[in-house]
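> just need the structure, nothing else, for what follows:
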Amino acid sequence: MNSPITKTQRQALAKELSSLGHLIRGSLVVTGKKCGRKSCACAEGKLHPHTYLSISSGSSGRKKNRIVYVTAEQVAPMRAGIEAYQRAWEILNELTDLNIRQIKEG
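Residues are numbered from 1 along each chain as shown. Below is the predicted model:
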């Protein structure tokens, strides 16, 4: 049957999963760009940092990549959303393991 430990663990994981908000699937990519001004340091090679959110979607045969520009003010909330998404996946994997164990134990 349902062992108390497994049930308690599942409840705690489900509670944590429900508390995660603003999930963002993707990766932050930082690149450099020139602004075009001849007197700027970027003309000498010190590029201005630009951050983008890279998102892949679709099936393995027809993957589409999407790139979204992220302002400096948006980097921290984007990073938090990506971390929350990664934690959600960890929780789902833990729940899967617990559910398999419960089924096997009968």
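> give me phi/psi at the most centrally placed residue in the chain?
Centroid check for the chain by Cα atoms, centre = their mean gives Ile82 as the closest residue, at 2.6 Å. Taking degrees, to the nearest 10, you get phi -70, psi -40 for the backbone angles of Ile82.
> count of neighbours near the nearest residue to it once chain neighbours are set aside?
With Cβ to Cβ, 6 or more residues apart in numbering as the criterion, Ile82 has its nearest non-adjacent residue at 5.1 Å, and that residue is Ile24. C-beta coordinates here come from the backbone N, C-alpha and C atoms, glycine included. Using other Cβ atoms under 10 Å, Ile24 is surrounded by 18 other residues.
> is it true that Ile24 touches Gln86?
No - if you go by Cβ atoms under 8 Å, Ile24 and Gln86 don't touch, sitting 9.8 Å apart.
> show me the shaky parts of the chain.
1-4, 59-61 (pLDDT under 70).
> what are the ranges of the helices in it?
Counting by DSSP state H, one finds helices in the chain at the ranges 4-19, 75-105.
> of those helices, which is nearest Leu53?
helix 75-105 (5.9 Å; Cβ to Cβ).
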